[in-house]
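1. Sequence plus the predicted model coming up.
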Amino acid sequence: MNTLFPIFVKLEQLNLLLVGGGNVGLEKLSALLRNAPKARVTLVAEKISEEVRALAGQHATVELLERKYQVEDLENKQLVILATDDPELHKAIKKQTEAKGILTNVADTPDLCDFYLGSIVQKGDLKIAISTNGKSPTLAKRLRELLTEIIPENVQDLLDNLQEFRNTLKGDFQKKVEALNNLTKEFINR
Ligand SMILES: C[C@@]1(CC(=O)O)c2cc3[nH]c(cc4nc(cc5[nH]c(cc(n2)[C@H]1CCC(=O)O)[C@@](C)(CC(=O)O)[C@@H]5CCC(=O)O)C(CC(=O)O)=C4CCC(=O)O)c(CCC(=O)O)c3CC(=O)O
Ligand SMILES: NC(=O)C1=CN([C@@H]2O[C@H](COP(=O)(O)OP(=O)(O)OC[C@H]3O[C@@H](n4cnc5c(N)ncnc54)[C@H](O)[C@@H]3O)[C@@H](O)[C@H]2O)C=CC1
């Protein structure tokens, strides 16, 4: 059983620290900004790659600090992602974040993670996050590709129409649920 509990976080309202500005740092920064272009990210790394610089340059909410990590970097942070090439540093930082109650992801190190990153399907307002309980990120990636392909592009029209209809519904909660259930019954009665 996969006991991970998925939540959808508003990265515009939180402060995230990303440590590491190489290949893995770039992957994590890309994933964050693909989902939340205005994510508030502080990226600290001894050496920051050109690719990271270019990406960060397109997002005013990303701050780059080219120097070694220091414990003060955790101040005012609610989430941390560690993506350096130094496993000992990751262990040491995890101890500090744990003491401060800051949720931490250590790229590719499940034992040190409080949360995992998922594979994410995006079609307009629809978003589906996939986890394999850490068993096969590659399968998660393939499922993302498959779902992205089979979910129709016009799902956004459907969502817009449903929202419009939902906004017209007055009355009590139960009646609203019934009306929306009736309208959408056909979607699965194929
Ligand atoms: C536990 C977890 C923790 C975490 O990192 O958050 C974790 C752990 C590890 N990943 C490893 C390797 C790879 N990871 C990927 C890709 C992704 N990995 C992601 C998440 C997660 N990876 C979390 C579990 C997610 C779940 O529950 O399924 C995705 C979904 C999201 C993201 O990272 O943004 C993203 C796909 C995004 C997309 O494309 O949609 C690829 C494939 C590729 O890059 O093409 C490979 C190489 C092939 C392979 O090994 O499968 C290794 C071995 C490292 C080594 O050998 O050194 C470990 C460590 C271990 O397993 O022990
Ligand atoms: N590149 C990849 O796709 C994969 C990488 N890995 C492993 O993941 C780790 C990271 O890989 P890459 O991102 O490619 O490495 P990299 O060398 O490109 O980047 C490492 C980053 O960590 C930073 N760093 C190191 N010590 C620091 C400190 N004390 N304070 C602040 N920043 C510090 C460096 O300045 C650099 O920005 C490596 O151990 C690698 O073996 C594993 C699987 C795939």
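-> Received it, and whenever you're ready, just let me know what you need. Residues are numbered from 1 along each chain as shown. Ligands and ions are numbered 1, 2, ... in the order given.
2. ok, the residue of the chain found nearest ligand 2 to T3 distance?
-> Nearest to ligand 2, among the residues of the chain, is G22, at 1.9 Å (C-beta to the nearest ligand atom). Where C-beta positions appear, they are placed from N, C-alpha and C, glycine not excepted. As judged by C-beta to C-beta, to the nearest Å, G22 and T3 stand 32 Å apart.
3. Next, N105: secondary structure please.
-> Under DSSP: H, G, I helix; E, B strand; the rest coil, N105 falls in the strand class.
4. residue contacts, it?
-> L79, V80, I81, L82, C113, D114, F115, Y116, L117 (C-beta atoms under 8 Å, 6 or more residues apart in numbering).
5. Please repeat the previous calculation with a cut-off of 6 Å.
-> With contact set as C-beta atoms under 6 Å, 6 or more residues apart in numbering, N105 has these partners: I81, C113, F115.
6. before we move on, what about E46?
-> K68.
7. Can you list the buried residues in stretch 8-15?
-> V9, L11, N15 (16 or more other C-beta atoms under 10 Å).
8. middle-most residue in the protein, spatially?
-> Compute the mean C-alpha point of the chain, and by C-alpha atoms, centre = their mean the closest residue is L32, 5.6 Å away.
9. distance of E186 from ligand 1?
-> According to C-beta to the nearest ligand atom, to the nearest Å, E186 stands 31 Å off from ligand 1.
10. Next: T3.
-> 12 Å.
11. starting at the chain centroid, how far to the lowest-mean-pLDDT helix or strand in the chain?
-> The least trusted helix or strand in the chain, going by mean pLDDT, DSSP states H and E, turns out to be helix 173-184, with a mean of 89. Relative to its chain's centre, helix 173-184 lies at 31 Å (C-alpha atoms, centre = their mean, to the nearest Å).
12. Show residues contacting it.
-> For helix 173-184, contacts defined as C-beta under 6 Å, 6+ apart pick out L169.
13. Between G22 and T3, which is the more surrounded one?
-> A count of neighbours by other C-beta atoms under 10 Å puts G22 above the other of G22 and T3, at 17 against 5.
14. where's that one relative to E50, distance?
-> 11 Å.
15. tell me the contacts of S131?
-> So S131 contacts L4, G118 (C-beta under 6 Å, 6+ apart).
16. Check the spacing between it and K141 real quick.
-> S131 is 12 Å from K141, by C-beta to C-beta.
17. same thing with L4?
-> 17 Å.
18. T148 too?
-> Taken as C-beta to C-beta, the span from T148 to K141 is 11 Å.
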